[in-house]
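Colleague: Sequence and predicted structure below; questions after.
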Amino acid sequence: MQKSVTRTLVCQLNIGEGSPRLLTEGQVEARRVVNEVFRLDDEGYDWKQIEEIAVDRSNHVQNTTQRLVDKAIDALERYYDEDDYGHPGQNHEHAFPVRMNHGEGYALTVDDETGSVNFRITAQKRTFVRGTLQSGPEQIEMLQTALTDEKWRVGTAEVVSRHGRHELHINVTHETATVRSEEDAVTFVGVDVNEDNVSLAAVTEAGVEDSIVIEYPEIKQERHEFFTIRKRMQSVGQTAFETTIENREQRFVHDRLHQVSRRVVEWSEQFDDPVFVFEDLKDIRDDIDYGTRMNRRLHSLPFAQLQTFVSYKAAWNGIPVVKIDPEYTSQECLSCGHTDRANRQKKRFKCVACAFQDHADRKAAVSISAKGLQKLNRNVPALNNLPVVRVRRQRNGACEPPDHDPVSSVRGYQADGDSGSVSS
Ligand SMILES: [Zn+2]
């Protein structure tokens, strides 16, 4: 099966012509455009009208303004869907990333002699910044390929400010990356994403091969901290620093989720012909009564983002993905099939009918794998004999060394244990 795969390459700008000030001014104008979209939305204009008005008033070229309007509308849609942090504010004055189409708002070319990649950015109408991109050798090579090979496409890019410098974040798409067919899959890797961990279970028609719980409590902590800081700033009308805080939070979570998703894909590659099994977010959204656990997961950012990151890293490595209906994945007993909300208490699963026990998130991952097998009409093995729960903490880009790696010494989950006994 052939699918397209997109990656974002981060490059520094070595400016030869024009000045960084022009880029900053472009970002300030981008912020003004985005604020205008929020204000017009507040005043009841529909999105088509908003785009026309924004394009008309913007100092950015038309297609750049359209990309900015798209981005603002995405934020509004998320707000209307999830009601997470309140209506996107209009009072931000800080720079906003300028999103541009390749060949329009910005253009890249490969220098035939040196092989370096040159850029031209339209900072605003009639102002240009030119120079050379700087990045790691892998990124530069990928860009050279993307610009010269017809199987690749260079997509939108954003001018982003980071550590006081301008960067260009460029999306490149491989149009024909080869992903194995899910029909050939042997190992079904169920992925259960939670606020503070991701649980994986590798299941074949013969049984459960292995499972792992990768913890990232610091993401939940940091998000909570940033949330509190922002609330406090809002309450005293101190909105000027909000964007800075927002960007810092997004960068932190983004970087950490990339590390975790890399780990997820690496772990899965040890098995024969893996396929990832995810819960279908659309199914969850369409349904109303999934209880507080599901609601909390839906509203927590990592849930959707980690799926996205794992999906594209999987595709990059040729691993297919299937999605299943998430109903009851956390409540159904693996031993007797009894389904009950009372089966699950925080990190412990204990069946109220047959007393089968397990780490709740690992059990959910096994259930997800089983649904994947079912969906592709495979034999679902007996699932009540589970391997040891291993809980690992993802920190600073790597898992902790084995002596800090707590390995539960029991099969399944001890009756008198709490989550502390397997995770610390
Ligand atoms: Zn049971």
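Modeller: That came through fine.
Colleague: buried stuff in stretch 110-125?
Modeller: Of the residues in stretch 110-125, those buried under the neighbour-count criterion (16 or more other C-beta atoms under 10 Å) are V110, V117, N118, F119, I121, T122, A123, Q124. Bear in mind the C-beta positions are built from the backbone N, C-alpha and C, glycine included.
Colleague: In strands, which of those residues appear?
Modeller: V110, V117, N118, F119, I121, T122, A123, Q124 (DSSP state E).
Colleague: Nearest to T65 among those?
Modeller: Nearest to T65 among those, counting by C-beta to C-beta, is Q124 at 10.3 Å.
Colleague: The closest one bridge partners, please.
Modeller: Note on Q124: beta-bridge partners by DSSP bridges are T127.
Colleague: pLDDT weak spots in the stretch 201-350 of the chain?
Modeller: 238-247, 250, 282-302 (pLDDT under 70).
Colleague: make it 50
Modeller: 285-290, 297-298 (pLDDT under 50).
Colleague: could you dump the buried residues of stretch 110-125 to CSV with pLDDT and distance to R262?
Modeller: Below are the buried residues of stretch 110-125 laid out as CSV (pLDDT from 0 to 100; distance: C-beta to C-beta, whole Å):
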residue, pLDDT, distance to R262
V110, 93, 29
V117, 95, 25
N118, 96, 31
F119, 97, 28
I121, 97, 30
T122, 97, 34
A123, 95, 34
Q124, 95, 37
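Colleague: for the residues you listed, which one is nearest the ion?
Modeller: V117 (58.9 Å; C-beta to the ion).
Colleague: Can you tell me the closest non-neighbouring residue to the closest one?
Modeller: L133 (4.6 Å; C-beta to C-beta, 6 or more residues apart in numbering).
Colleague: for L22, same thing?
Modeller: A123 (3.9 Å).
Colleague: what helix or strand is Y79 on?
Modeller: For Y79, the host element (DSSP states H and E) is helix 62-82.
Colleague: and whatever helix or strand comes next after that helix, which strands flank it?
Modeller: Next along the chain after helix 62-82, taking DSSP H and E as the criterion, comes strand 98-100. Sheet pairing for strand 98-100, assigned by DSSP bridges, gives strand 152-162 (antiparallel).
Colleague: avg pLDDT for the partner strand?
Modeller: Averaging pLDDT along strand 152-162 gives 90.
Colleague: repeat for stretch 370-385
Modeller: In this model, stretch 370-385 carries a mean pLDDT of 93.
Colleague: C-alpha coordinates for that stretch, PDB please?
Modeller: The C-alpha trace of stretch 370-385 is given here as PDB (Å, rounded to 0.1, in the frame of the first residue of the first chain):
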ATOM      1  CA  ALA A 370      -7.600  -7.900  20.500                       C
ATOM      2  CA  LYS A 371     -10.000  -5.600  18.700                       C
ATOM      3  CA  GLY A 372      -7.500  -5.100  16.000                       C
ATOM      4  CA  LEU A 373      -7.200  -8.900  15.500                       C
ATOM      5  CA  GLN A 374     -11.000  -9.100  15.400                       C
ATOM      6  CA  LYS A 375     -11.300  -6.300  12.900                       C
ATOM      7  CA  LEU A 376      -9.000  -8.100  10.500                       C
ATOM      8  CA  ASN A 377     -10.800 -11.400  11.100                       C
ATOM      9  CA  ARG A 378      -7.900 -13.100  12.900                       C
ATOM     10  CA  ASN A 379      -8.100 -15.600  15.700                       C
ATOM     11  CA  VAL A 380      -8.100 -13.900  19.100                       C
ATOM     12  CA  PRO A 381      -6.000 -16.000  21.500                       C
ATOM     13  CA  ALA A 382      -6.800 -16.500  25.200                       C
ATOM     14  CA  LEU A 383      -5.700 -13.300  26.900                       C
ATOM     15  CA  ASN A 384      -5.900 -14.100  30.600                       C
ATOM     16  CA  ASN A 385      -2.300 -15.200  31.000                       C
END
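Colleague: Give me the buried positions along it.
Modeller: A370, K371, G372, L373, R378, L383.
Colleague: between these, which is nearest Q259?
Modeller: The closest of the buried residues of stretch 370-385 to Q259 turns out to be G372 (C-beta to C-beta; 25.0 Å).
Colleague: Give me the nearest residue to that closest one, chain neighbours excluded.
Modeller: V277 (3.3 Å).
Colleague: Which strands or helices does the helix or strand where the one you found lies pack on?
Modeller: Per DSSP H and E, V277 falls inside strand 274-279. Under the contact criterion of 3 or more C-beta pairs under 8 Å, 6 or more residues apart in numbering; DSSP states H and E, strand 274-279 touches strand 187-193, helix 302-316, strand 321-324, helix 360-375.
Colleague: Let me know which of the ones you listed is the nearest to E43.
Modeller: By C-beta to C-beta (comparing all of the helices and strands packed on strand 274-279), the closest turns out to be helix 302-316, at 29.6 Å.
Colleague: how about the nearest residue to K363 once chain neighbours are set aside, what does it touch?
Modeller: Distances taken as C-beta to C-beta, 6+ apart put F349 closest to K363, at 4.6 Å, once the chain neighbours are dropped. By C-beta atoms under 8 Å, 6 or more residues apart in numbering, the residues touching F349 are S330, C333, N343, F356, Q357, D358, H359, A360, K363, Y413.
Colleague: now do 10 Å
Modeller: Counting by C-beta atoms under 10 Å, 6 or more residues apart in numbering, F349 touches 330-334, 343, 356-364, 367, 412-413.
Colleague: any bit of the helix or strand harbouring it sitting next to the ion?
Modeller: Using DSSP H and E, F349 sits in strand 348-350. No: using C-beta under 5 Å from the ion, strand 348-350 never reaches the ion; the gap is at least 8.9 Å.
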